[in-house]
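*Asks:* compute the structure for the input listed below.
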Amino acid sequence: MTAATAIWPANGLPAIEADNPPHARHEHADLAAMASAMLESRRQRFPDLVKAETLAPAEADAEIALFEQIHAHWIWMTTGAGQPAPRLTIIDRCAALDRSIRTIAGIARQRGRFDDELTHQAQCVIALRWHADPRREDRLISLAAFHHQFRSPQRETPHVQ
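*Replies:* From the prediction side, this is the model:
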């Protein structure tokens, strides 16, 4: 591992190691869309899993709540609407995204390959997880807040003569 290698997460849990940040890290609209799709997928699938008793109701509710936060966070990041996710839930949000990465890897394993759609999903979820790293998220939130303030129609524009 070289000095330039980034490891996510850096908390001793299973990690992704790469020499470069994720490919989709700047595709903010795609990341927001992926967060939305992951939330909707859980809202649609989980009631059947609970009914079949393969998922406990409390687990389903907790997972949906985490993905509601992930979704709300990325809506705020990309549009400024709403609020970013609470900092206190960052470890749980990271764990939920880690589970999603493992799920995508499992689907690829079952299929025997990553098709274009699954590759895109993997790239987006890895980028969401990379952004959620506690060492990175505070800076990203600050930059997004500045961007939202800068783009605000209420912001006074200096008059240049």
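
*Asks:* give the contact list for Pro134.
*Replies:* By C-beta atoms under 8 Å, 6 or more residues apart in numbering, the residues touching Pro134 are 90-91, 94. From N, CA and C alone the C-beta is placed, and that goes for glycine too.

*Asks:* how about Leu55?
*Replies:* 46, 49 are the contacts of Leu55 under C-beta under 8 Å, 6+ apart.

*Asks:* show me where this structure has its strands.
*Replies:* Remark: strands assigned in the chain by DSSP state E are 6-8, 16-18.

*Asks:* pick out the shakiest of the ones you listed, pLDDT-wise.
*Replies:* Comparing mean pLDDT across the strands of the chain, the lowest value falls on strand 6-8: a mean of 45.

*Asks:* please, where are all the helices along this protein?
*Replies:* 28-51, 57-79, 90-111, 116-131, 134-151 (DSSP state H).

*Asks:* and those helices: which comes nearest Asn20?
*Replies:* helix 116-131 (10.6 Å; C-beta to C-beta).

*Asks:* any buried residues in the closest one, and which?
*Replies:* Neighbour-count burial for helix 116-131, counted by 16 or more other C-beta atoms under 10 Å, picks out 120-131.

*Asks:* only the C-alpha atoms, please, for that helix, written as CSV.
*Replies:* Provided in CSV are the C-alpha atoms of helix 116-131 (Å, rounded to 0.1, in the frame of the first residue of the first chain):
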residue,chain,number,x,y,z
ASP,A,116,-23.4,-1.7,-16.8
GLU,A,117,-26.4,-1.1,-14.5
LEU,A,118,-24.8,-2.9,-11.6
THR,A,119,-21.4,-1.2,-12.2
HIS,A,120,-23.1,2.2,-12.1
GLN,A,121,-24.9,1.2,-8.8
ALA,A,122,-21.7,0.0,-7.3
GLN,A,123,-19.8,3.2,-8.3
CYS,A,124,-22.6,5.4,-6.8
VAL,A,125,-22.9,3.5,-3.6
ILE,A,126,-19.1,3.4,-3.1
ALA,A,127,-19.0,7.2,-3.7
LEU,A,128,-21.9,7.8,-1.3
ARG,A,129,-19.9,5.8,1.3
TRP,A,130,-16.7,7.6,0.5
HIS,A,131,-18.5,11.0,1.1
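
*Asks:* distance from the chain centre to that helix, please.
*Replies:* 9 Å (C-alpha atoms, centre = their mean, to the nearest Å).

*Asks:* quick one: it to helix 28-51, angle?
*Replies:* 100 degrees (axes from the mean of the first three to the mean of the last three C-alpha atoms, to 10 degrees).
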